[in-house]
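Q: sequence first, then the predicted structure, then my questions.
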Amino acid sequence: MSAPRELPCAEEVLPRLVAACRTGRLALFLDFDGTLTPIVAHPDLARLDPAVAASLERLAARTFVAVVSGRDLADIRARVGLAGVWYAGSHGLDIEGPDGRRLVVGEELAHELEVLAAELEPHVARTPGAWLERKRLSLAVHVRATPEPAATALGRTVHLLAARHPRIRLLEGKKIFDLKPAVDWHKGRAVRWMLEHVVPAGALAVFLGDDVTDEDAFAVLAGDGIGILVGDGRPRTRARWRLPDTRAVARFLARLARDCGAQISGTGERTAR
Ligand SMILES: [Mg+2]
């Protein structure tokens, strides 16, 4: 574990990524919020910059690209809107490939999540700026727009209510409380599943992410992969390289797409709104 500010800049490993990408042996995994797009006041407002989408489209024509997000699968797929990309929603519980291959983990706990959502609802409703996001395989309580001490008070309530549901796990992130099935599965397991079942053997695996849920993926890649932390919002990280912000990620992806000579295949049409 390292302090983010001590990490070397990821530009250092760009040549390795370019070399792997040229032979189609790069597996590029990307978180969405805070990595591909800046954190905005409401998750509905997050839009993928067209330049970033163009870089991803070019890279996906050349090599394996997956977006791994806490958002619902349908949401993340619509927001990125590229046909040639793998999508892993709900922190990796719900995975779908461009060829229609699908893996769903923890579906049996969807009802218990609904019960917990109903318990949380009145508390969230009376907290200024807070809202409850109901997703297919998880819930999220957002307090980005909630002043203190209301945010801390709501956090205590979320902890208390979640503790009554041992089959549901609470993960506290930046101004967000994620509640998801307490199955032994996370972004790291999703990345490992894709590496074992989808990605060509011997590929260089790279994960870019900014938040606590990305640490599981960094851990999976700690051996021979490359973990890149975006920003320095975490006290300690398993990532070994760093990019300062989402603009640096955009430049990094543009250079990678350019330097590996990736062309748009013409099949990867953007379908986003
Ligand atoms: Mg993120």
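A: Cool, the structure landed. Residues are numbered from 1 along each chain as shown.
Q: now check the host helix or strand of residue 76, is it near the ion?
A: For residue 76, the host element (DSSP states H and E) is helix 73-80. No - with C-beta under 5 Å from the ion as the criterion, the ion is not reached by helix 73-80; the gap is at least 11.3 Å. Just so you know, the C-beta spots here come from the backbone N, C-alpha and C atoms, and that holds for glycine as well.
Q: and that helix, what other elements does it pack with?
A: In terms of contacts (3 or more C-beta pairs under 8 Å, 6 or more residues apart in numbering; DSSP states H and E), helix 73-80 is packed against strand 86-89, strand 94-96.
Q: may I see the buried residues of stretch 152-169?
A: For stretch 152-169, the neighbour count (16 or more other C-beta atoms under 10 Å) marks 154-155, 157-158, 161-162, 165, 168-169 as buried.
Q: how distant is that stretch from the center of its chain?
A: For stretch 152-169, the distance between its averaged C-alpha position and the chain's averaged C-alpha position is 23 Å (C-alpha atoms, centre = their mean, to the nearest Å).
Q: and for residue 222, nearest residue in space, chain neighbours not counted?
A: Nearest-residue entry for residue 222: residue 238, 5.7 Å, with adjacent residues in sequence omitted and distances by C-beta to C-beta, 6 or more residues apart in numbering.
Q: what distance do you get for the one you found to the ion?
A: Taken as C-beta to the ion, to the nearest Å, the spacing of residue 238 relative to the ion amounts to 15 Å.
Q: on that earlier part again, what are the buried residues along the helix holding residue 76?
A: Neighbour counts using 16+ other C-beta under 10 Å place 73, 75-77, 79-80 of helix 73-80 among the buried residues.
Q: ok, now stretch 44-56?
A: 46, 48, 52-56.
Q: please apply the same query to stretch 78-90.
A: Buried positions in stretch 78-90, judged by neighbour count with 16+ other C-beta under 10 Å: 79-82, 84-90.
Q: list the contacts of the helix or strand encompassing residue 28.
A: Residue 28 belongs to strand 26-30 when assigned by DSSP H and E. By C-beta atoms under 8 Å, 6 or more residues apart in numbering, the list of residues contacting strand 26-30 from outside reads 17, 20-21, 36, 56, 59, 63-68, 191, 194-195, 199, 203-209, 217, 260.
Q: interface residues of the stretch 1-150 of the chain facing the ion?
A: The stretch 1-150 of the chain has residues 31, 33-34 near the ion, with proximity defined as C-beta under 5 Å from the ion.
Q: turn those into JSON lines, including neighbour count and pLDDT.
A: Converted to JSON lines, these look like this (neighbours: other C-beta atoms under 10 Å; pLDDT from 0 to 100):
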{"residue": "31", "neighbour count": "23", "pLDDT": "98"}
{"residue": "33", "neighbour count": "23", "pLDDT": "96"}
{"residue": "34", "neighbour count": "22", "pLDDT": "96"}
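Q: just give me the neighbour total for residue 201.
A: Applying the criterion other C-beta atoms under 10 Å, we find 7 residues in the vicinity of residue 201.
Q: what pLDDT does it get?
A: Residue 201 carries a pLDDT score of 93 in this model.
Q: centre of the chain to stretch 113-121, how far?
A: When distances are taken as C-alpha atoms, centre = their mean, stretch 113-121 is centred 24 Å away from the chain's centroid.
Q: mind listing what's buried along that stretch?
A: Judged by neighbour count using 16+ other C-beta under 10 Å, the buried positions of stretch 113-121 are 113, 116-117, 120.
Q: just stretch 223-237 next, same as before
A: 225-232, 234, 237.
Q: between the two ends of that stretch, how far is it?
A: According to C-alpha to C-alpha, to the nearest Å, stretch 223-237 extends 15 Å from its N-terminal end residue to its C-terminal end residue.
Q: neighbouring contacts of stretch 223-242?
A: Contacting residues not belonging to stretch 223-242 are listed as 1-5, 7-10, 12-13, 16-17, 31, 34-35, 174, 204-212, 214-215, 217-219, 221-222, 243-246, 248-249 [C-beta under 8 Å, 6+ apart].
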